[in-house]
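Novice: model the following, please.
(one chain, ligands or ions: 1)
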Amino acid sequence: MNFQNLYLIVFLFIISCNNSEKKQTSLINLKSNDTLTYKPSEIKTQMLRSWNAYKDYAWGKDVLLPLSKSGFNWYDQSLGISPIDAYSTLSVMGLDQEAKEIENYALLMDWDKDVFVQVFEVNIRILGGLLAIYDITKNPEILDRAIDFGDRLLPAFDSPTGIPYHSVNLKTGATSGNNGEGSGNIVNTAQAATYLFEFGILSYYSRNPKYYQVAKKATLAIFERKSKIGLPGDFINVESGEWTNDWSYLQAGMDSYYEYLFKSNLLFPDPEIEDIWNYSLEKINQYYSDEYNGRQFYACVNMNNGEIVKRSMSLYDAFFPAIQALHGDLSNAEKNMATWDWLWNKYGLLPTRYLYEEDKIEYANSELNPEIIESAYYLHQITGNIKYLKMIQKYWADIKDCCMNETAFHAISDVRTMKEKDYLATYFYAETLKYFYLAAVDKNTFNFNNYIFNTEAHPFKKSNFNSEKAKTYLGIN
Ligand code: DMJ
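Specialist: A predicted model of the protein is given here:
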């Protein structure tokens, strides 16, 4: 055993002694009045501790590396992704001073950076994050920063199909795929069409339809290329519009395409998108749905004949019970959630990908992703059933056990051994801790019914958007 491991064990022992009282109450027994035995203040304390760790060890960088106590940038230059992602969680927790610090930081960000960024990732995290800051503060200078950022993404959509290139240079507008940089002209379906929500909000607030219109064009470009049986594929060439792979599923790579077909309609009703969503949901239930060994799964299928090609689940598709529940399909939502909860309890965390036919882990890492907590939160809010709170409580207890360290929290490289990984994803701030917190607060603190979350859990208040005005601002016919 090296000194680092010894130190960690001693530290965890001290923590566990200090927390023994907390731990006893944070296991599985809920009080009869439907509240969690962990308090929102516990999550708030952990958010503050993790945020301070970012400030101490990684300030100015994109990501905190909690074990080596350092920072990491996604690209040559920092985009400040952790702070921008963390803002809305700090704000809903009432950590106003910390939130204000990020608002000021965002105002100073100069997006004129000679760096190629992944359009999908920066849209959900940075554009979504900036728009959330504006939604909360109504600071017009923040909106200017969001418009500036959004404008720098637009050249990516200037392709023969309207599907965005994988990456765009924030300074020059050059795109990967037509300048020899990056990963060529192929994107997955989520990278192709997860823009309706943020671009809709940007159009609404800027009163300029151009953002929503490019997002809609990209979405239609995917939908119109569906197979004869009505399924999209998972990888597409943005220039030729040809599918380069013929698999279809709910997993990472297609997940948020479906999520935004549904969610953007909730803020900005658009009959064309609503029809596509209803059509797509029918196909999901017809082809992906796979009852296997008495459990409800959603398989990978061939887009042309609907035959199952792989019985697998990735932890990202645990977002889907939330969507099913919000759509009103509680029967499938609850069956689906039960499957995710079963997989969590098998390992005490979700592995990134699990093969359910072979009962085998394919990718064993876990980055403390939020989706299963998100779905349990939605299901509790929508059904009022206490069993979903119990699930959330168990997930929190397990995450504390496996992944809390002296700095903040860390990812896991193998859920079978709980081997640590020196990484704390930006969505741990934006999503994971937010859902734990929101599950524990009362309706006066945060009313679930008043908000729609983007795929990175940035909350947008429904009452900030008027459907009639949206028709004009977004150019919806
Ligand atoms: C987040 O960045 C977003 O939720 C995205 O849509 C996919 N999942 C990660 C977190 O797991």
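
Novice: show me which residues of the stretch 1-150 of the chain are close to the ligand?
Specialist: Neighbours of the ligand within the stretch 1-150 of the chain, by CB under 6 Å from any ligand atom: Ile124. C-beta here means a position set from N, CA and C on the backbone, and glycine is covered the same way.

Novice: which residues in the stretch 1-150 of the chain form helices?
Specialist: Using DSSP state H, counting those that start in this stretch, the helices of the stretch 1-150 of the chain run over 3-18, 20-25, 40-58, 81-92, 96-108, 119-122, 128-137, 140-153.

Novice: can you get me a residue count around whichever residue of the stretch 251-400 of the chain sits closest to the ligand?
Specialist: Proximity to the ligand, evaluated over the stretch 251-400 of the chain using CB to the nearest ligand atom, is greatest for Asn369 at 3.6 Å. Asn369: 23 surrounding residues under other CB atoms under 10 Å.

Novice: is it in a helix, a strand, or coil?
Specialist: Using DSSP: H, G, I helix; E, B strand; the rest coil, the structure places Asn369 in coil.

Novice: for it, phi and psi?
Specialist: Asn369 adopts backbone torsions of phi -70, psi 150, taken as degrees, to the nearest 10.

Novice: now Lys216. Nearest residue, chain neighbours left out?
Specialist: Leu196 (6.5 Å; CB to CB, 6 or more residues apart in numbering).

Novice: so Thr383 sits against Met337, correct?
Specialist: No. Applying CB atoms under 8 Å, one finds Thr383 not in contact with Met337, separated by 9.8 Å.

Novice: neighbour count: the two, which is higher?
Specialist: Just comparing Thr383 and Met337: by other CB under 10 Å the higher neighbour count belongs to Met337, 27 against 15.

Novice: in the stretch 151-300 of the chain, what spans have low per-residue confidence?
Specialist: Within the stretch 151-300 of the chain, the stretches with pLDDT under 70 are 177-184.

Novice: now do the strands in it.
Specialist: With DSSP state E, counting those that start in this stretch as the criterion, the stretch 151-300 of the chain has strands at 167-169, 186-188, 235-237, 243-245, 247-248, 289-292, 295-298, 300-302.

Novice: can I get the ones you listed in CSV with distance to Tyr134 and mean neighbour count?
Specialist: Listed next are the strands of the stretch 151-300 of the chain as CSV, based on distance: least, CB to CB, whole Å; neighbours: other CB atoms under 10 Å:
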stretch, distance to Tyr134, mean neighbour count
strand 167-169, 22, 24
strand 186-188, 28, 23
strand 235-237, 32, 21
strand 243-245, 37, 17
strand 247-248, 36, 24
strand 289-292, 39, 14
strand 295-298, 35, 19
strand 300-302, 38, 21
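
Novice: mind putting the ones you listed into JSON lines with distance to the ligand?
Specialist: Putting the strands of the stretch 151-300 of the chain into JSON lines (distance: least, CB to the nearest ligand atom, whole Å) gives the following:
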{"stretch": "strand 167-169", "distance to the ligand": "17"}
{"stretch": "strand 186-188", "distance to the ligand": "12"}
{"stretch": "strand 235-237", "distance to the ligand": "17"}
{"stretch": "strand 243-245", "distance to the ligand": "19"}
{"stretch": "strand 247-248", "distance to the ligand": "18"}
{"stretch": "strand 289-292", "distance to the ligand": "21"}
{"stretch": "strand 295-298", "distance to the ligand": "16"}
{"stretch": "strand 300-302", "distance to the ligand": "17"}
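
Novice: may I see these organised as a markdown table, with distance to Lys443 added?
Specialist: Listed next are those as a markdown table, based on distance: least, CB to CB, whole Å:
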| stretch | distance to Lys443 |
| --- | --- |
| strand 167-169 | 41 |
| strand 186-188 | 38 |
| strand 235-237 | 42 |
| strand 243-245 | 44 |
| strand 247-248 | 39 |
| strand 289-292 | 33 |
| strand 295-298 | 30 |
| strand 300-302 | 39 |
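
Novice: residue in the stretch 101-250 of the chain nearest to the ligand?
Specialist: Ile124 (5.8 Å).

Novice: which of the helices of the stretch 1-150 of the chain sits most buried?
Specialist: helix 81-92 (a mean of 27; mean count of other CB atoms under 10 Å).

Novice: was I right about Ala58 contacting Gly80?
Specialist: No. Ala58 lies out of contact with Gly80 (CB under 8 Å); the separation is 10.6 Å.

Novice: what sits against the closest residue to Lys434 other than its chain neighbours?
Specialist: In this structure, Lys434 finds its nearest non-sequential neighbour in Thr89, 4.3 Å apart by CB to CB, 6+ apart. Shown in contact with Thr89 (CB atoms under 8 Å, 6 or more residues apart in numbering): Met47, Tyr429, Ala430, Glu431, Leu433, Lys434, Tyr437, Ala457.
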